[in-house]
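>>> build me a structure from this.
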Amino acid sequence: MLTSQQIRQRFLDHFAQRGHTIVPSAPMVIKDDPTLMFTNAGMNQFKDLFLGNREAKHKRIADTQKCLRVSGKHNDLEEVGIDTYHHTMFEMLGNWSFGDYFKKEAIQWAWELVVDNYGINKEDIYVTYFGGDSTDGLPADDETRELWKQFMPEERILPFSRKDNFWEMGDTGPCGPCTEIHVDVRTPEEKKAKPGRELVNNDHPQVIEIWNNVFMQFERKADSSLVTLPAQHVDTGMGFERLCMVLQGKRSNYDTDVFQPLIQAIAKRCGREYGQDPGSGPGEKADIAMRVIADHLRAISFAIADGQLPSNTGAGYVIRRILRRAVRYGYSFLGFNEPFMHEIVPVMVAQMGDQFPELVRNADLIGGTVYEEERSFLRTLGQGTRRLEALFNEANGPLDGAKAFELFDTYGFPIDLTQLIAREQGREVDMVGFQEELQKQKERSRSASAVAAGDWIELKQGQTEFVGYDELECEAEVLRYRKMTGKDGEYFQLVLSRTPFYAEGGGQVGDTGLLWQGNEATSVYDTKRENQLIVHFIKKLLPDMAAPLRAEVHKDRRGLTARNHTATHLLHHALRKHLGTHVEQKGSLVAPDRLRFDISHFAKVTPEELATIEREVNAMITDDIVFEDKRNVPIAEAKAMGAMALFGEKYGDNVRVVKFGPSIELCGGTHVPRTGVIGPFRIVSESALAAGIRRIEAITSVEAERMINGKLAKLEAIEALLKNPADVVAAVQKLAEQNAALTKELEKAAREKVKRYATSIPAKATANSKGVKVLVEQIDLDAQGLKDLGFALREQHADLAFVAGAVIDGKPLLAVSLGKQALEATGLKAVDIIKQIGPLIKGGGGGQPDFATAGGKEPGGMAEALKKAAELLA
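The predicted structure follows:
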């Protein structure tokens, strides 16, 4: 029996002997074709040749092409593994002629390979050809039928319609009739019971197409018409996995040596035996799970080897979806609660690495990526599955769409997996409701800044060593990087082998600095931690991403941040000492220019308490307490020392203890060597954040000095304005009292002015045609005065319609007041009048039916606005 490697090699040798150049497979992941994310057919890499975009270097070519299909007829991802002959990733053996040989040679060489070389029984072979199409005015491909008659009886040469036997690249472009080779691998009894010719193109799992020969002789135009190509081409594709099934005498692709090494490795890993229960019981579910995992692992591995890592968008999402489906089957039916697929990767690499060396080169990357994805999704699966089970128990009918969306949005549980689990339990999912919730989320997301993450490009294996506690610069190499796209454009993220850069965490902001290669520096504008990786943010890539570099933290910025972090510890100690031990940290921010500390406390911290706390912190700074840095301390020992574990932080078995005299905390941040370095400490605000949570903001060092110096400068300026009084506070107090007295006098005068207007205006009003008293006038009042006057007239004179204009500090104001009777008689609302006259002063406003105002920018339009108002009320 031929092995799969021998089968593949025989195909390539067969066509090499017939003048074909053997070319390597193109990448499965397509980067330069916006219409495709993945290679889904053998001809994809030659698409530009068929389109005429470039001339063929070789007239005859053969290869084996790795392909990926996750949608379309028989390629629905959710069906892969359920049957025994469809796949996501598959190999397509193919031979091409670009303007060289055509039907005669293609059919002859196909027969010679299938029958003479591979030894397939010709009695089991059926072929199809294009039977014509009246819509396109195309006759049957009699030439192909006559060519086949040289090798087999006519009853095995079957005509089919355009749907099955006319291949087209797309809506336009090269196309032509095709001929397919089908093989009947049923048992003799099955063949006797029903002729194979009746099962061709009828989706029978043992009467299958293995090879399609396309004869490109037309071009489809935009108007759907066909024209004959100047040169005729041959494009063939033979399913490698199906061919192996036929040649190895199996009834399933998964029973061949293409898949069995993987399946057996999976079976061994889970302690089960494959194929022992062909029925519909638990054993069959386990067999399906093994097929799914074996198939999907191939797709994932080839995609990663081609540079497509799992992600949440585009091609990366497709790969992640495939990977997660495999994990889900292993979790549900094989008992895999821990990462397992990465352990099977070496089997796949050993099996296919000779033909596809990219698998060997990227074996570590594939295994590591699969492991991380498995670990992440297994956590999601555990949470999501438990939640889904609870939801099924709560509901009798279909799963509510909003609940399905909750699983998707909160737990990261893919909707296709929710549907799969629902199907297995005979339940349905309200997909209409789910789509409605999804659309709502998309609309919310549009207002937020979107960030698209590219795929990680891994240059070297390894983990980052953080040296930032002891060093501010070090030599390093790039382990991996990726491109990011946000609202401010593109930027990049780097992971280094060693780094002095502190990643944002524990409330402390990330470091900034420079990455040096020779004399060229690349700025690091932020450092964050993501999935335990220290990620450096840069705007442009390094001159040489593979070359060594020197990482250098901005010393001054780090120093200021360290001062504020140490001050935060001292503040925490002082708060607990003076407010009580009930005080606990509930959040913090440590930046170079400030610190923010959120605490649990039941009342506002009084100014007197704040002053006491501030003095306590400054006293500890003055004492110049030495920093005691204890690393890798067992957590129990650290707690026995009295170290405080902080809110929101996660700790391992060994921790870092940061001690400044009486202040002892578990902390991973950066600190000063002694408290005297901090300098002055000042609390700048205290406020309520939430019920029982207070927020204190403070500054130290340079910022505190700047604040103190600024206040001293203001004090000196005030003293100079007051002619240097002996007691500046008393002098300011006296000035404030005088100002308050004057303000009262002005307010009293304004009220008197309003009263005078309220008395004189009604007498000046004249009746309109509806008996309403109307007055439109520009007066001398401010905004509050206009409002007070309008309210007074509205209440005192029900039959009065009054429109007033005023210009205050160069800004025009309009007010409309309508008494109750005036409102009813005119049929106009004050707010409607304002909307018509406001634009004349280049402004707008609003209000109620009986009173409305508008402010504008153009005082020159006042006269026209008042004239318009008078016309409306005439």
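>>> CA only for contacts and neighbour counts going forward, please
OK.
>>> chain center to whichever strand or helix holds P177: distance?
Per DSSP states H and E: P177 is located in strand 173-184. Counting by Cα atoms, centre = their mean, to the nearest Å, strand 173-184 is centred 41 Å from the centre of its parent chain.
>>> partner strands of it, parallel or antiparallel?
strand 125-130 (antiparallel), strand 166-168 (antiparallel), strand 207-220 (antiparallel) (DSSP bridges).
>>> pLDDT of the top helix by length along the chain, averaged?
Using DSSP state H, we find that the single longest helix of the chain is helix 728-764. Per-residue pLDDT over helix 728-764 has a mean of 90.
>>> turn the strands paired with strand 173-184 into CSV, columns for mean pLDDT.
Listed next are the strands paired with strand 173-184 as CSV, based on pLDDT from 0 to 100:
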stretch, mean pLDDT
strand 125-130, 97
strand 166-168, 91
strand 207-220, 92
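>>> okay if I get those as a markdown table plus distance to A56 and mean neighbour count?
Listed next are these as a markdown table, based on distance: least, Cα to Cα, whole Å; neighbours: other Cα atoms under 10 Å:
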| stretch | distance to A56 | mean neighbour count |
| --- | --- | --- |
| strand 125-130 | 27 | 25 |
| strand 166-168 | 20 | 20 |
| strand 207-220 | 15 | 23 |
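>>> what's around A763, how many residues?
10 (other Cα atoms under 10 Å).
>>> could you do I779 as well?
I779: 12 neighbours (other Cα under 10 Å).
>>> what's the per-residue pLDDT of it here?
90.
>>> and the gap between it and R756?
12 Å (Cα to Cα, to the nearest Å).
>>> and if you look at K604?
Taken as Cα to Cα, the span from K604 to R756 is 48 Å.
>>> kindly report the same for T236.
From T236 to R756 the distance is 99 Å (Cα to Cα).
>>> quick one: residues contacting D623.
T675, G676 (Cα atoms under 8 Å, 6 or more residues apart in numbering).
>>> show me where the stretch 201-350 of the chain has strands.
207-220, 226-239 (DSSP state E, counting those that start in this stretch).
>>> so which of the ones you listed gets nearest I696?
Nearest to I696, of all the strands of the stretch 201-350 of the chain, is strand 226-239, at 68.6 Å by Cα to Cα.
>>> how about the closest one as PDB, C-alpha atoms only?
Provided in PDB are the C-alpha atoms of strand 226-239 (Å, rounded to 0.1, in the frame of the first residue of the first chain):
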ATOM      1  CA  LEU A 226     -18.500  34.900 -23.200                       C
ATOM      2  CA  VAL A 227     -15.600  35.400 -25.600                       C
ATOM      3  CA  THR A 228     -13.000  32.900 -26.600                       C
ATOM      4  CA  LEU A 229      -9.600  33.400 -25.000                       C
ATOM      5  CA  PRO A 230      -6.600  33.900 -27.300                       C
ATOM      6  CA  ALA A 231      -4.700  31.200 -25.400                       C
ATOM      7  CA  GLN A 232      -6.200  28.100 -23.800                       C
ATOM      8  CA  HIS A 233      -5.200  27.000 -20.400                       C
ATOM      9  CA  VAL A 234      -5.600  23.800 -18.200                       C
ATOM     10  CA  ASP A 235      -6.200  24.100 -14.500                       C
ATOM     11  CA  THR A 236      -6.600  20.900 -12.500                       C
ATOM     12  CA  GLY A 237      -7.100  20.000  -8.900                       C
ATOM     13  CA  MET A 238      -7.000  16.600  -7.200                       C
ATOM     14  CA  GLY A 239      -8.000  16.300  -3.500                       C
END
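>>> who does that strand pair up with?
strand 89-98 (antiparallel), strand 207-220 (antiparallel).
>>> now render those as a markdown table, adding distance to I22.
A markdown table is the format used below for these (distance: least, Cα to Cα, whole Å):
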| stretch | distance to I22 |
| --- | --- |
| strand 89-98 | 9 |
| strand 207-220 | 18 |
